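In: this one's sequence-less:
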């Protein structure tokens, strides 16, 4: 009898265990590469950012699926009238993850914010040099020049004082480099004599806790029960690392993963035809363009720049090279970004009108120039060489003889930014969803110096005044108006031939729900579920 | 014997320096500055660029960089990865078991199938089987691994759904990396089905990596067998009235296997070369995959250190083969 009863009990326990394991949900995301480590302050690749997204939070966060800034670890914030002081009121209910080396004794507070920013900002911070140091994004977003002080008002209030008013500051704080690490964890690791573990076995406040990382194989996370926001619907999240897009797609088809990173453009029709898969798409936060060197004749003449805008058949380029994965560009910023001016009308393809404009500008027989094409594929330009050839053929029709020039990628970028090219293909992928992040680095006067980031070397006082003002005022409606005007000026001045915003594709299994593409290209799994 | 061994070992030193020099020059001949290549459209400030170049010694003249590297090697250091900042040696040790596991399985596959096929082809010389097999083996030996890998994935994983697409084990299992060999580690894991998953993940990469050695071994076995089968002692054995299978297996094959052993030794180099492609296709986290990543990221220390370690390994295996041969055949010791 006893044996029978214990057998029954064992069977019942087995059933319970079975049903529990059946309920545990695992989502596998086929990612494209190994992260450099688990610190988005130090590393600037999208791969590293995506691997850290489940773990960390920032003071403010982009609202899912948008480039709008919303609450994060700060529940609310006040901005002073002069736009220089930002006071953040931190949430009281954010808890830290734990691991074998660390059990937190307190929740998230102001000390963690100060630590995370000072680590990047100040040489004196003991963690400044850990993991090689080098905080590229912190510098790229001009934080060292911008920050005056960061002060703890109390445990749950932090004040940032800037040297000058800057509206995109909040958007900057939503970027991955502004992720918040635990000061208490850092102190614990210092005592253990293993400070580098802070970036290898990460502790965050995010929806998922880091479990393990096997280099070039996978990263495992588990749902964090103490997460302050909406609890994740899946229990285990796995990033399965596969560099080859064909293999990623094969895994998705075999249901070995449920969400996959960027497929090959050639595979798009097959994905659309597959009933088990859903193909999500969205214009990327990017722009591919041909920049005219506005400092080099004949491109100093606006008529020449406009004429070339009319001489190149944009549609033919999109059909031949982007093959459905590009959206023709008429503004520098993509249509998913706030303040996009849809009223701007693109230049029409009209070789006759182009020829006439060239004649007006004093070039009835055209001229000779160079047309630079990158040697590499970029997210916004799948084949610069091919695009260059198509442009070359179109330009020949209006008498402009363009010679295609190319260099190794690092050298290419450097020379273009030094102003050596006449016309050069290049582009940009946005960082923080703020229009300022497109206009200032690509067409602002500061970037037009020799060696500055701008390929066009465009510096127009009217345009510059508009974007400068838009960076200073904090009212979103007013900023929108200013950027809309700036786009009208840019269209008239034509410093670029704007090619396309490439479309980003994400194939998912049909049973995946709640997955939203981010215009910033990041992957988020908090709200994702499996049917 | 000792003198023979000494001579072989002395030859290793110049080879070693040659390898470091060749890999150093080749890597530096690839266009692209390791720092600039990682910078996107943002560009990099002159100050930070100078700082990073100094940190990795890239601001020194090329000859000085090489000498520094050799000195560093002499002290037993391979340097740190410029990407992960972790020691090259540690990274190699973590990833190497995966490559060994795949290589051993591929070699076993090639031997278990290649030798019997070669024997049958030799015994049935001139038949359709022989011609067919040799045709297939030429195809196998000249198969582009990349294409072949994607083909088997398409057929067996995607269309038929028999095998997993890539990786070492299903992402559903977590296996504590104790030995680094997935078959062993999964054996000790509590997860049911982990061993089966690890085994099923090995099938396709083993076939793809083993194809070229299989073809080579089959052809070598066939020609060695043909030679041996024509020997007087085989005729004698037959004349004694021994069964044909005994003549082939005991008398012919044992002697024919000696040149096959050499070929197997030489396969280690080509297996490691093939592993680079196979690992990339199957997302197999081994040293091949690691080196490809390093090329793309211009991670000089990883590339140099990884190439060097692989070269040392191949040299060691070749030395092992030479020494074994020396034992087997006293004539070559002189």
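Out: Here it is on my side, so go on. Keep in mind it's a predicted model, so treat the numbers as computed, not measured.
In: from here on, contacts and neighbour counts on C-alpha atoms
Out: OK.
In: For the chain, which residues score under the pLDDT cut-off?
Out: By default, I'm working from chain A. A:1-23 (pLDDT under 70).
In: think we crossed wires, I meant chain B
Out: B:1, B:38, B:40, B:327-334.
In: Contact partners for the most centrally placed residue in chain B?
Out: The centroid of chain B falls nearest to residue B:272 when counting by CA atoms, centre = their mean (1.9 Å). Counting by CA atoms under 8 Å, 6 or more residues apart in numbering or on different chains, residue B:272 touches B:99, B:103, B:288, B:310.
In: how near is it to chain A?
Out: Using CA to the nearest CA, to the nearest Å, one gets 18 Å for the distance from residue B:272 to chain A.
In: For chain B, which segments are assigned as helices?
Out: In chain B, the segments counted as helices under DSSP state H are B:2-29, B:46-55, B:62-74, B:88-123, B:128-141, B:145-152, B:182-188, B:194-229, B:232-239, B:244-246, B:254-281, B:287-296, B:300-328.
In: who does the fifth one touch, helix- and strand-wise?
Out: The helices and strands touching helix B:128-141, judged by 3 or more CA pairs under 8 Å, 6 or more residues apart in numbering or on different chains; DSSP states H and E, are helix B:88-123, helix B:194-229.
In: tell me which residues of it are tucked away?
Out: B:130, B:133-134, B:137, B:140-141 (16 or more other CA atoms under 10 Å in any protein chain shown).
In: could I get those as TSV with distance to residue B:36?
Out: Below are the buried residues of helix B:128-141 laid out as TSV (distance: CA to CA, whole Å):
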residue	distance to residue B:36
B:130	56
B:133	51
B:134	50
B:137	45
B:140	41
B:141	40
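In: Could you single out the most deeply buried of the helices and strands packed on helix B:128-141?
Out: The highest average neighbour count among the helices and strands packed on helix B:128-141, using mean count of other CA atoms under 10 Å in any protein chain shown, belongs to helix B:194-229 at a mean of 23.
In: Quickly check: it near chain A or not.
Out: No. Helix B:194-229 is not in contact with chain A by CA under 8 Å from any CA of the partner chain; minimum separation 12.2 Å.
In: Could you check the angle that helix makes with helix B:254-281?
Out: Helix B:194-229 runs at 140 degrees relative to helix B:254-281, counting by axes from the mean of the first three to the mean of the last three CA atoms, to 10 degrees.
In: Return the residues of the stretch 351-500 of chain A in contact with chain B.
Out: Near chain B, when you scan the stretch 351-500 of chain A using CA under 8 Å from any CA, you find A:408-411, A:413-414, A:427-428, A:453.
In: Which one of the residues you listed is nearest to residue A:400?
Out: Closest to residue A:400 out of those is residue A:427 (23.0 Å), distances taken as CA to CA.
In: if I look at the closest residue to residue A:286 other than its chain neighbours, how far off is residue A:333?
Out: Of all residues not flanking residue A:286 in the chain, residue A:429 sits nearest, at 4.3 Å (CA to CA, 6 or more residues apart in numbering or on different chains). Counting by CA to CA, to the nearest Å, the separation of residue A:429 from residue A:333 is 10 Å.
In: Quick check: neighbours shared by those two?
Out: Common contacts of residue A:429 and residue A:333 (CA under 8 Å, 6+ apart): A:285-287.
In: The residue nearest to residue A:367 when sequence neighbours are not counted: neighbouring residues, count only.
Out: Sequence neighbours aside, residue A:400 is the residue nearest to residue A:367 in space, at 5.0 Å (criterion: CA to CA, 6+ apart). When neighbours are counted by other CA atoms under 10 Å in any protein chain shown, residue A:400 registers 22.
In: Tell me which residues touch residue A:400, please.
Out: Per CA under 8 Å, 6+ apart, neighbours of residue A:400: A:365-369.
In: Where neighbours are concerned, which of those residues has the most?
Out: residue A:366 (19 neighbours).
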